[in-house]
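**Q** whatever this is, show me its structure:
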Amino acid sequence: MAAVVVGGVAPVWGAGGAVAATRDVGVDSRDGRVVPGVEREVRFTVDGVTAYGTVRVPAHRVGRRIAAALLIPGSGPTDRNGDQPPGFTPHTLALVAEGLGADGVMSLRFDKYGTGRTGMGGRHTAPDMAAYTRQAVAAYEVLRAQPEADPRAMLVVGHSEGGLQALLVDRAVAVKPAGLALLAPQGMRLLDMIAFQVADGLDRAVRAGQISREEGEVNKRGVARAIAAFRGGREVDTAGLLPSVAALLEGMFGPVNGDFVRSDDAIDPAVVARGVAPRTRTLVTCGTADANVPCRTVPGLMAGLAAARTTGPGLRVLPGVDHLLHQAGTPVNDRVLASGVRRVLHEFVRPWRSGVR
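**A** Residues are numbered from 1 along each chain as shown. Below you'll find the model as predicted:
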């Protein structure tokens, strides 16, 4: 059988805010009433593990509190910048932080467990969703406690799986965020999303002549059986599946990732969205070139947010934008956000923009 590469959003792992270094981010501070922009490292401890992150503070007027956004990365070993070094370095979250800073919004991005400077706390498996949520909630509180942050203008911005995490943070914190930006978010239960992605990949392989239509259908049915077995607590059988499909399932359901996958799959983002506080300003993006989270996967999430009576901008469809928030065709490691992404972020933060002009 021909080799077929089928992508997924499931994580695949390899084997109190003390301030550290700061650096100027290049803002003119000649006006004595203006505090110059700065980046500084912070650290905080959750469940006995010290996590590290970067606070980016734009230039602002002396004494002014400014909106503050927690940035949450996507699945797998993705660090504070949105990277999985050395081979995968799109810098997605660092670029989002830069864009928000241009609108006068400060931010905190952090290294998840097992990435950047943050360790695994002795774990040999991926933490479950509850552990990731506790880490993100702690980061939110560190950001809220920063001297420049306006506690009435807290925001949470999540990319991919981080979009679901943003909803979970909103549910967990006592002081609710004023706004949520869910960028190419996980809008379905995890294994439903995986089945959707694998089916799309198989259909593309059939159209390209890499596999027969019958092979595609056999593998779709095999994935459905494997998911049903995993959800039912039964042994998963990948015999007869394409090697790439079997490897994906075995990696997700194996000893390293199985507990995490089960904890994520137990959560329906649409249900969590119904618990968002009324009048919370929300942004949801989907890119028409996004093969990981296509636009047709977000209606349930949008229905949940509508039931919660959140406010706009709401859903923004981004023509030609891929899952990394690039314009389609951009090399993976090019460090640039699509102009449409910058535009909708600018729209999202309109009520909280600040500047020094």
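**Q** measure stretch 275-285 end to end?
**A** 20 Å (Cα to Cα, to the nearest Å).
**Q** and that stretch, what's buried?
**A** Val276, Thr280, Arg281, Thr282, Leu283, Val284, Thr285 (16 or more other Cβ atoms under 10 Å). Bear in mind the C-beta positions are built from the backbone N, C-alpha and C, glycine included.
**Q** tell me the contacts of the last one?
**A** What it means is Thr285. Ala181, Leu182, Leu183, Ala184, Pro185, Leu315, Arg316, Val317, Leu318, Val321, Val341, Val344 (Cβ atoms under 8 Å, 6 or more residues apart in numbering).
**Q** tell me, how many residues neighbour the second one?
**A** Counted with other Cβ atoms under 10 Å, the burial measure for Leu182 works out to 31 neighbours.
**Q** isn't it up against Ser160?
**A** No. Applying Cβ atoms under 8 Å as the test, Leu182 and Ser160 come out as separate, 9.4 Å apart.
**Q** before we move on, back to that, give me the buried subset of the contacts of Thr285.
**A** By 16+ other Cβ under 10 Å, the contacts of Thr285 give Ala181, Leu182, Leu183, Ala184, Pro185, Leu315, Arg316, Leu318, Val321, Val341, Val344 as buried.
**Q** quick one: which of those is nearest Tyr132?
**A** Of all the buried ones among the contacts of Thr285, Pro185 has the smallest distance to Tyr132: 14.9 Å, by Cβ to Cβ.
**Q** what is the neighbour count of the residue nearest to that closest one when sequence neighbours are not counted?
**A** Excluding its sequence neighbours, the residue lying closest to Pro185 (Cβ to Cβ, 6 or more residues apart in numbering) is Gly163, at 2.4 Å. For Gly163, the neighbour count with other Cβ under 10 Å is 27.
**Q** what's the end-to-end length of stretch 289-297?
**A** Note: stretch 289-297 ends 13 Å apart using Cα to Cα.
**Q** buried residues in that stretch?
**A** Those would be Ala289, Asp290, Asn292, Val293, Pro294, Cys295, Thr297, for stretch 289-297 by 16+ other Cβ under 10 Å.
**Q** quick one, what contacts the fifth one?
**A** Translated: Pro294. Phe196, Asp200, Cys286.
**Q** for Ser160, see how far away it is.
**A** Separation of Pro294 from Ser160 (Cβ to Cβ, to the nearest Å) stands at 13 Å.
**Q** do a quick rundown of the helices in the protein.
**A** 92-102, 129-144, 161-172, 190-207, 213-231, 243-253, 258-265, 269-273, 299-307, 339-348 (DSSP state H).
**Q** wait, Cys286 sits on Asn292?
**A** No. Contact criterion Cβ under 8 Å: Cys286 and Asn292 do not qualify, at 10.4 Å.
**Q** what's the overlap in contacts for these two?
**A** Ala184.
**Q** contact partners of stretch 219-236?
**A** Applying Cβ under 8 Å, 6+ apart, the set of residues contacting stretch 219-236 is 191, 194-195, 198-199, 202, 237-238, 240-242, 245, 249-250, 253, 258, 261-262, 265.
**Q** pull out the buried residues from it.
**A** Those would be Asn219, Lys220, Gly222, Val223, Ala226, Ile227, Phe230, Val236, for stretch 219-236 by 16+ other Cβ under 10 Å.
**Q** kindly format the C-alpha coordinates of that stretch as CSV.
**A** Presented in CSV, the C-alpha positions along stretch 219-236 are these (Å, rounded to 0.1, in the frame of the first residue of the first chain):
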residue,chain,number,x,y,z
ASN,A,219,-9.3,2.9,6.9
LYS,A,220,-12.1,5.3,7.8
ARG,A,221,-14.1,2.4,9.2
GLY,A,222,-11.0,1.2,11.0
VAL,A,223,-10.4,4.6,12.7
ALA,A,224,-14.1,4.7,13.8
ARG,A,225,-13.7,1.2,15.3
ALA,A,226,-10.5,2.2,17.1
ILE,A,227,-12.0,5.3,18.6
ALA,A,228,-15.1,3.4,19.7
ALA,A,229,-12.8,0.8,21.4
PHE,A,230,-10.7,3.4,23.1
ARG,A,231,-13.7,5.3,24.4
GLY,A,232,-15.2,2.0,25.6
GLY,A,233,-12.0,1.0,27.4
ARG,A,234,-11.3,-1.9,25.1
GLU,A,235,-8.1,-2.8,23.3
VAL,A,236,-7.5,-0.9,20.2
